[in-house]
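Student: The following comprises the amino acid sequence and a computationally predicted model.
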Amino acid sequence: MHIGIDLGSRTLKAVVWQDGAIIRHQVTESSFDPHRQALAFLEQHPVARVVATGYGRHLLLQHTELDVITEIKAHALGARYLFPNCRTILDVGGQDSKVILLDERGRVKNFQMNDKCAAGTGRFLEMMAVSLGYDLEEFGRAAAETEVGAPINSMCAVFAESEVVSLKNRGVPPATIARSVLLAVAGRLAAMVAKSGYGDHLIFSGGVANNATLIALLEKELKVPVHVPPIPSIIGALGAALHGSQSSTQK
């Protein structure tokens, strides 16, 4: 039995891997002490080999014996397992965005990260949704209900929120503003992907990939299909578990 733990900035993800299959997975909001959450999960599986990834992996390593790998490697392993032809991964989490390029054997060839600004991340979309009175699911649905958008010129999280407030005060419908925000995010993410280079096997992982409207807008921008895993949030945790399984096999 192998466990992959992804201690992200917003959520904690865990995958239990046994006999070539996921037998359990969990996604929970991160608490003030995410390592304690992770340890509580691991106590339920005391005989498992554990591999951690994500922002909090080194914190967890201070409290228990395990292996750690980078988020880049974890997402590459998880995405490639589910999509054997995968060559490009767009991963958008709570606080950053990443584009990961793989070679023909699935090894990481190059990557770029946007970790200096929250724009386009899960936290950014949460802020925009709350400012419009939506939760995240309602936000995506509302944006799908209209084809009309209003320009959002700034992708700085602070200034974009000010623009949203200004549009509200001008009487622009919330659904129109929601679509405008997603159009701006899709444009920003598409520019990251285009800068890195991509083909027809583009995988979108991370919690933001649950937004179907954003997927459709990305496909329109990039002019290729955007493939989304069944549970996009757990790809890093899956990759960590796979790393543990593969390392055990090689010994």
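Tutor: Sure thing, it's come through.
Student: any weak-confidence spans in the stretch 101-250 of the chain?
Tutor: 115-119, 154-158, 248-250 (pLDDT under 70).
Student: which residue ranges form the strands in it?
Tutor: Using DSSP state E, counting those that start in this stretch, the strands assigned to the stretch 101-250 of the chain run over residues 108-114, 202-205, 226-227.
Student: Of these, flag the one that's most buried.
Tutor: strand 202-205 (a mean of 26; mean count of other CB atoms under 10 Å). Every C-beta, even on glycine, is put in place using the N, C-alpha and C of the backbone.
Student: Quick one: list the elements packing against that one.
Tutor: helix 71-82, strand 88-92, helix 212-222, strand 226-227 (3 or more CB pairs under 8 Å, 6 or more residues apart in numbering; DSSP states H and E).
Student: tell me the helices in the stretch 101-250 of the chain, going along the chain?
Tutor: Along the stretch 101-250 of the chain, counting by DSSP state H, counting those that start in this stretch, helices occupy 122-131, 136-144, 157-169, 174-196, 212-222, 235-250.
Student: Can you tell me which of those helices is packed in deepest?
Tutor: Most buried of the helices of the stretch 101-250 of the chain, by mean neighbour count (mean count of other CB under 10 Å): helix 235-250, with a mean of 22.
Student: Show me the contact partners of that helix.
Tutor: 2-6, 8, 13-17, 22, 25, 49-54, 67, 69, 71, 73-79, 81-82, 91, 205-206, 229 (CB atoms under 8 Å, 6 or more residues apart in numbering).
Student: Next up, the contacts around Phe83.
Tutor: By CB under 8 Å, 6+ apart, the neighbours of Phe83 are 201, 203, 227, 229.
Student: now these as a markdown table including distance to Ala237?
Tutor: As requested, the contacts of Phe83 are arranged in a markdown table below (distance: CB to CB, whole Å):
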| residue | distance to Ala237 |
| --- | --- |
| His201 | 22 |
| Ile203 | 15 |
| His227 | 19 |
| Pro229 | 12 |
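Student: Report the buried residues of stretch 24-34.
Tutor: 25-27, 30, 34 (16 or more other CB atoms under 10 Å).
Student: What residue spans form the domains of this protein?
Tutor: As recorded under automatic domain parsing, the domains making up the chain are 1-83+231-251, 85-228.
Student: Out of the helices of the stretch 101-250 of the chain, which gets nearest to His58?
Tutor: Closest to His58 of these is helix 235-250 (CB to CB; 13.7 Å).
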